[in-house]
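Colleague: I'd like to go over a predicted model; first the sequence, then the structure.
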Amino acid sequence: MQSYSIRFFRTCNSKDGKKQKKEAKILISKQVPPNKQVIFDKNCKKIWLLHFLCVFLRSNYKNLKTMLEKKLESALNKQVNAELWSAYLYLSMSYDMDDKGYEGIASWFALQAKEEFEHASRFMKFIGETGGKVMLMPIETVKQEWKTPQHAFEDTLKHEKVVTRKIYALMDMAIELKNYPTQSMLKWFVDEQVEEEDTASKILEKLKKIESSPAGLYALDKQLGKREE
Ligand code: MG
């Protein structure tokens, strides 16, 4: 069981009037509610032990209410970065497709980027709600150009498969740590990844069918441009 151990020192007047240094030790378990904490005192009166306990609880309330283990907090923050990187990737695809004259596909990727930003926000909100600290890290550069829409969607599907593996790894960690709130939150992402891979896969199949047919590509561009969210 994880616990805090804090030692306090206080100078008190002893019976013979001399100054005396006294020590108090408080053990606070992360698993036990604050009102059920066990206090171990050494040499000091309970009254000021309780005073220090109150000060400690006030200043460390956030720490006590945290539902995230450090390892999990760090992994979730890495996922925030991965989701933001995904948003960068799809934004880059959007501008590149627009440059190449595929307005509908560009619009589709712009919405995909927005969705990835929302995924990052969902993770950040959860970290905050469970008492963790959101740590924003630098976002690595992304590819800037794709030869054809097919190449862009091949990279999209490949990337979504990587994201799925990352979500599964997070779920494995949450299960191992018996962190039920994180498992519940990640369930949404497990389902979302099924949809992401399926969508990218279907568009890629269509692109493979029409290959280099300008009419087919024109029609698909129009169709993808109708995406609303
Ligand atoms: Mg995502």
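Modeller: On my side now, so go ahead. Numbers count the residues shown, from 1 in each chain.

Colleague: residues contacting the residue of the chain found nearest the ion?
Modeller: Closest to the ion within the chain is H119: 3.8 Å, counting by Cβ to the ion. Any C-beta I mention is one placed from the backbone N, CA and C, and that applies to glycine too. H119 makes contact with 83, 86, 189, 192, according to Cβ atoms under 8 Å, 6 or more residues apart in numbering.

Colleague: The same query, at a cut-off of 7 Å, please.
Modeller: For H119, the contacting residues are E83, by Cβ atoms under 7 Å, 6 or more residues apart in numbering.

Colleague: Kindly report the same for F153.
Modeller: Contact analysis of F153 by Cβ under 7 Å, 6+ apart lists 200, 203-204, 207.

Colleague: quick revisit: which helix or strand contains the residue of the chain closest to the ion?
Modeller: When elements are assigned from DSSP states H and E, H119 belongs to helix 103-129.

Colleague: what's the spacing between that helix and its chain's center?
Modeller: Distance of helix 103-129 from its chain centroid, counting by Cα atoms, centre = their mean, to the nearest Å, is 13 Å.

Colleague: sorry, back to before: would a markdown table of the contacts of F153 with distance to the ion, pLDDT and secondary structure be doable?
Modeller: Below are the contacts of F153 laid out as a markdown table (distance: Cβ to the ion, whole Å; pLDDT from 0 to 100; DSSP: H, G, I helix; E, B strand; the rest coil):
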| residue | distance to the ion | pLDDT | secondary structure |
| --- | --- | --- | --- |
| A200 | 12 | 96 | helix |
| I203 | 16 | 97 | helix |
| L204 | 18 | 96 | helix |
| L207 | 21 | 95 | helix |
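
Colleague: Now render those as CSV, adding distance to G216 and neighbour count.
Modeller: Below are these laid out as CSV (distance: Cβ to Cβ, whole Å; neighbours: other Cβ atoms under 10 Å):
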residue, distance to G216, neighbour count
A200, 18, 20
I203, 13, 21
L204, 14, 17
L207, 9, 20
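
Colleague: would you list those in a markdown table and tack on distance to F109?
Modeller: Formatted as a markdown table, these follow (distance: Cβ to Cβ, whole Å):
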| residue | distance to F109 |
| --- | --- |
| A200 | 11 |
| I203 | 11 |
| L204 | 14 |
| L207 | 14 |
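
Colleague: rewinding a little: how close does the residue of the chain closest to the ion sit to Q223?
Modeller: With distances taken as Cβ to Cβ, to the nearest Å, H119 is found 24 Å from Q223.
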